[in-house]
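using only what follows, build the 3D model:
(one chain, ligands or ions: 2)
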Amino acid sequence: MRRFRFGGSDGADEGHEAGEAATGSPAQEGTADGASAQGRGSDPGQAESGSGSSAGAEASRPESREQPESREQPESREQPESREQTESREQSETREQPVSAQGSRVSVVDEQPPRPAPPAGASEEEYRWHTYRVYPSGRPDAVEFIDTYKAFGRNRILRGLNMGLPEGMVSMILGPSGTGKSVCIKHMVGLLYPDEGDILVHGESVPNMPDDDLFEMRKKFGLLFQDGALFGSMNLYDNVAFPLRQHTEKGENEIEDIVMRRLNEVGLGQSKEKYPNELSGGMRKRAGFARALVLEPDIVLFDEPDSGLDPVRTALLGELILEIHRDMMDEAKAKQKTHLPTFAVITHDIMSARRVADYINVLWKGRIVEAGPAEDMLNSENPFIRQFLTGESQGPLTMD
Ligand SMILES: Nc1ncnc2c1ncn2[C@@H]1O[C@H](COP(=O)(O)OP(=O)(O)O)[C@@H](O)[C@H]1O
Ligand SMILES: [Mg+2]
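Numbering: from 1, shown residues only. Ligands and ions are numbered 1, 2, ... in the order given. Below is the predicted model:
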């Protein structure tokens, strides 16, 4: 099942899906991308209504959206159709066929694209800025949330979340504190389970994984927590070597090569004997970064890497993240790895997001307001997104 992409043309989505299935590589055509990027704000006349594509839209439409009054009335259906009616219906059906078969975007019926209903108990007003628009990345998603709901008691956190982290990109999950960003991470690695919905990692459902598979799947991830989460009783070297000793059969010589390479990469080669309490906050984060990479993860998650850092160190850490991502991309291509490295940086700091993001997901009220490549998002016409990404005080977003 695909996550619901609001505003995307069906044609573009189909192309994406087909490309993923066939080659695992980007397959979207420029034209389809462009069309899809128009999203909901585009000419409603572009809405497709060919029988094939509208079936797709129908399938992804949340049930609660169904408006019985707009459906055919049962009474009217019982009345025998006149010959004229039958013919005109058949004609329109046969006329639509070649149109959709050619992938043409000619509109036959003026139909608005479906808009997901707000979650149960919430008003349309609360979700008025959620256009759910997803500007295409042209890549398959390494991680995908599909209609995910999660509540802690009465505290409803994820409320029908549809979110993707495209492969080979540095993504941001941006949202105010307490919106559920860390909760998302825990769902990706199977530390929390959704009440409803699904989370896919490289196409596999995490909540449905048997424990053994989950244990294996977690090796795909490198996690960097806020404070580096180092063991206080171990020096840096042993901290970074820990996952290798725990999860691999590698000998100490090989471990030393890997550990020193990673420590040097983050500028801590000289500090390998130091203990965490002898290091600055920035150094602890870098050490955590080195440790997150030793198992060569496909997906690296950074939970608020900028918290507690001054702006200069935040900028340097951002650069380091980009540098290491570039190196890992080169390595993945050279080794022809199945998956390109995917980074997800979780933050409420807009400036660091703007600096490093290839792709931005804006999370609010348990759903993505809009998502897409950074340049599309920075040019978004949605007043909420504009305000959020520029950090302006004027706009729809208020303190409450
Ligand atoms: N294990 C848990 N049990 C109960 N409530 C939780 C749990 N984890 C997170 N929460 C609540 O979920 C909300 C979102 O938390 P979190 O994901 O940490 O926010 P943030 O976006 O700042 O990372 C908070 O209100 C938090 O108190
Ligand atoms: Mg958090």
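
going by C-alpha atoms from here, please, whenever you check contacts or count neighbours.
Noted.

check contacts around residue 180.
Residues in contact with residue 180 (Cα atoms under 8 Å, 6 or more residues apart in numbering) are 157-158, 366.

need phi/psi at it.
Main-chain dihedrals, residue 180, degrees, to the nearest 10: phi 110, psi 20.

quick revisit: any idea which of the contacts of residue 180 has the most stuff around it?
Ranked by neighbour count (other Cα atoms under 10 Å), the contacts of residue 180 have residue 158 at the top, with 28 neighbours.

I'd say that one and residue 150 touch.
Yes: Residue 158 lies in contact with residue 150 (Cα atoms under 8 Å); the separation is 4.8 Å.

residue 253 in helix, strand or coil?
Following DSSP: H, G, I helix; E, B strand; the rest coil, residue 253 is assigned to helix.

ok, it - how many residues close by?
The number of residues packed near residue 253 is 9, by other Cα under 10 Å.

remind me which residues of the stretch 1-150 of the chain are low pLDDT?
Applying pLDDT under 70 to the stretch 1-150 of the chain flags residues 1-113.

kindly recompute the last result at 50.
Applying pLDDT under 50 to the stretch 1-150 of the chain flags residues 1-107.

and the residue of it nearest ligand 1?
Nearest residue of the stretch 1-150 of the chain to ligand 1, counting by Cα to the nearest ligand atom: residue 150, 9.0 Å away.

next, that residue: phi, psi?
With angles defined as degrees, to the nearest 10, residue 150 sits at phi -150, psi 130.

output the contacting helices and strands for the top helix by length along the chain.
With secondary structure taken from DSSP state H, the chain has its longest helix at helix 311-334. Applying 3 or more Cα pairs under 8 Å, 6 or more residues apart in numbering; DSSP states H and E, one finds that helix 311-334 contacts helix 350-356.

so which bits of the stretch 101-250 of the chain are right by ligand 1?
152, 157, 177-183 (Cα under 6 Å from any ligand atom).

in three-state terms, label residue 198 for me.
strand.

what's the neighbour count on it?
Using other Cα under 10 Å, residue 198 has 24 neighbouring residues.

so for residue 218, what's the nearest residue that isn't a sequence neighbour?
In space, and not counting its chain neighbours, residue 218 is closest to residue 189: 5.9 Å by Cα to Cα, 6 or more residues apart in numbering.

I'd assumed residue 204 was in contact with that neighbour.
No: using Cα under 8 Å, residue 189 is not in contact with residue 204; the gap is 11.9 Å.

who's more crowded, these two?
Neighbour count, other Cα under 10 Å: between residue 189 and residue 204, residue 189 has more, with 21 against 15.

mind listing what that one touches?
Going by Cα under 8 Å, 6+ apart, residue 189 touches 206, 214, 217-218, 221.

most neighbours among these, which one?
Neighbour counts for the contacts of residue 189 peak at residue 206, which has 26 neighbours (criterion: other Cα under 10 Å).

which members of the contacts of residue 189 are positioned in helices?
Residues of the contacts of residue 189 located in helices (DSSP H): 214, 217-218.

which strand or helix spans residue 256?
helix 252-265 (DSSP states H and E).

local confidence estimate at the residue lying closest to residue 332 once chain neighbours are set aside?
The shortest distance from residue 332 to any non-neighbouring residue, by Cα to Cα, 6+ apart, is to residue 340 (6.0 Å). pLDDT, residue 340: 96.

which ones are touching residue 340?
Going by Cα under 8 Å, 6+ apart, residue 340 touches 167-168, 298, 329, 332-333.

show the backbone phi and psi for it.
Main-chain torsions, residue 340, degrees, to the nearest 10: phi -80, psi 150.

now do the one 4 residues further on
With angles defined as degrees, to the nearest 10, residue 344 sits at phi -130, psi 120.

same thing with the one 4 residues further on?
Note on residue 348: backbone dihedrals following degrees, to the nearest 10 are phi -110, psi 10.

and the strands in this protein, which stretches?
Counting by DSSP state E, the chain has strands at residues 133-134, 141-152, 155-166, 170-174, 196-201, 204-205, 221-224, 299-303, 342-347, 359-364, 367-373.

CA atoms only for the fourth one - export them in PDB, please.
Spelled out, it's strand 170-174. What follows is strand 170-174, C-alpha atoms only, in PDB (Å, rounded to 0.1, in the frame of the first residue of the first chain):
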ATOM      1  CA  VAL A 170      19.500  14.200   4.000                       C
ATOM      2  CA  SER A 171      16.000  14.700   5.300                       C
ATOM      3  CA  MET A 172      14.700  16.900   8.000                       C
ATOM      4  CA  ILE A 173      11.800  16.200  10.200                       C
ATOM      5  CA  LEU A 174      10.900  19.700  11.500                       C
END
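
I'm done for today, thanks for sticking with me.
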